[in-house]
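S.K.: Curious how this folds, go ahead:
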Amino acid sequence: MASKKPELIAVIGRRRVGKTYLIRSFFKDRMNFEMVGLKDGNLEQQLRNFTYSLKEAKRQFDPIETIPKDWLAAFHELKLYLEALGEPEKKKVVFIDELPWVATAKSDFLTGFSYFWNSFASRSNIVVVICGSATAWMIKKIINDKGGLHNRVTRKISLQPFSLSETEAYFEYRNITFDRYQLLQLYMTMGGIPHYLDQVEGGKTAVQNIDEICFDPQGLLRTEFDNLYSSLFVRPERYELIVETLASAWKGLSRTQLVAKSKLKDGGGISTILKELEQSGFITTYVPLNKKKKDALFRLTDNYSLFYLKYIKNLPANESGNWQQLSQTQSWKSWSGYAYENICLQHVDKIKTALGIAGVHTRHFSFFSKPTDEKEGVQIDLLIDRADNAISICEVKFYNDEFSLTKEVAGQLRRKRSIFRQLSKTKKQLFLVVVTTFGLRHNKHSLGLIDNSLGMDDLF
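M.R.: The predicted structure follows:
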């Protein structure tokens, strides 16, 4: 708003992350025109929606006038309305929400919008904000456009889910008190998505809230999965199949493994789906240590999708689950270990700060090597490869108390470090780091072996 030049701002981020809330909260009553695209609306419905929005902006409540015949005519009307407002020194604000729902393949919306920006807005005292949950579409069609909108976006906001500390601050703002162990359980289930966290009620434990939000037939997250992918992608079933396949392999899959397990045809379509899932924040790609880009592994890292596919998907539609019982099972103990590892990967900057290497350039990933007849296999939860000639080998343990190293686990960690040294052929200093929930209780097995011990508080 303080800028001396016209601004075209693209706000991207996954569904329910709070894009519209952010924009409306900031601009409040300074908005001159706002339109929200219609999901599955045809061209005539979208143009009628535009006309209703324009009449509302003009404060006209008489019967509707003629619907513009196309988007070129529609944006010409918007241009005339903004010009008629006068006061050229006063900044105008235009907001078009859920743009991908309007700009469908045959709508020619982008032609009209390009005309509006290039012929009027780019020479006016104006802020135009465009927003959409279909992040991949927004990047391809708007931010990286090669046509009339090429290099026209002046600012980009990629809105991310709340971190753990932001989630804690959000609940404090709502006067809801959880200890950090309870917060972790909620975060494992729904991640930092504000709309999901908004369903959480005070005076109830994390387990009670998860029961009601995820397992009650009326709970928001009981059916959110299908809505989530269908609102973002054309032919969402292919995206869901990729996500479900990745959910069955916690450590990630290579492209070849993914194609084989999903039984999808290998081709350019797979590359597009993987790229769009990553841009939308559902999966993460990482290249293992000493490997090339073609050896990249794909890993499902969206907290809610992981939880849904593990515990909610196969529940009969009219039956409630019982999270109180499920959260005591061995299956949950295994899953929670992986979910905590996922959270550590999402908060690796906090881990770096706790290790005192915040300013050091690093790369991070998991490490996995299958056993053979000649050598033992090794699996490392998180590796931080550091530019200060060291590698931190992080062992992640989700536990409901202080963690004590047994003789057996200490032996496993020594072997891990030794096998990793052998396989990676690294000459760097290796540090063993244990990341637990309530910290490490030092004993004779940890002394001289564990270089650093972190707890969940370090992730906040």
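
S.K.: ok so G359 is a helix residue?
M.R.: No - the assignment for G359, made by DSSP: H, G, I helix; E, B strand; the rest coil, is coil rather than a helix.

S.K.: Near it, how many other residues are there?
M.R.: G359 has 9 neighbours, counted by other C-beta atoms under 10 Å. (C-beta placed from N, C-alpha, C; glycine too.)

S.K.: Leaving out chain neighbours, which residue sits closest to the spatially most central residue of the chain?
M.R.: Within the chain, the residue whose C-alpha comes closest to the C-alpha centroid is G281; the distance, by C-alpha atoms, centre = their mean, is 3.4 Å. Closest residue in space to G281, ignoring its immediate chain neighbours: R14 at 4.9 Å, by C-beta to C-beta, 6 or more residues apart in numbering.

S.K.: residues in contact with L221?
M.R.: Contact criterion C-beta atoms under 8 Å, 6 or more residues apart in numbering gives T189, M190, Y196, Q199, I213, C214, Y304, Y308, I312 as the residues in contact with L221.

S.K.: Do you have the strands of the stretch 51-200 of the chain handy? List them.
M.R.: With DSSP state E, counting those that start in this stretch as the criterion, the stretch 51-200 of the chain has strands at 92-97, 126-132, 155-158.

S.K.: Out of those, which is the most enclosed?
M.R.: Relative to the other members of the strands of the stretch 51-200 of the chain, strand 126-132 carries the highest mean neighbour count by mean count of other C-beta atoms under 10 Å, namely a mean of 23.

S.K.: now that one: mean pLDDT?
M.R.: When pLDDT is averaged along strand 126-132, the result is 96.

S.K.: And for stretch 333-343?
M.R.: Stretch 333-343 shows a mean pLDDT of 91 in the predicted model.

S.K.: which residues touch that stretch?
M.R.: Applying C-beta under 8 Å, 6+ apart, the contact partners of stretch 333-343 are 164, 184, 187-188, 250, 301, 303, 306-307, 310, 366, 381-382, 396-398, 437, 459.

S.K.: for it, the distance to its chain's centre please.
M.R.: Computed by C-alpha atoms, centre = their mean, to the nearest Å, the separation of stretch 333-343 from the middle of its chain amounts to 17 Å.

S.K.: same thing with stretch 321-328?
M.R.: The answer for stretch 321-328 is 26 Å, by C-alpha atoms, centre = their mean.

S.K.: end to end, how far does it reach?
M.R.: Here the two ends of stretch 321-328 are set 13 Å apart, with distance taken as C-alpha to C-alpha, to the nearest Å.

S.K.: Mind listing what's buried along that stretch?
M.R.: Under the neighbour-count criterion of 16 or more other C-beta atoms under 10 Å, stretch 321-328 has G321, W323, L326, S327 buried.

S.K.: Neighbouring strands - and their directions - for the one helix or strand S366 maps to?
M.R.: With the criterion set as DSSP states H and E, the secondary-structure element containing S366 is strand 362-369. As defined by DSSP bridges, the strand partners of strand 362-369 come to strand 378-386 (antiparallel).
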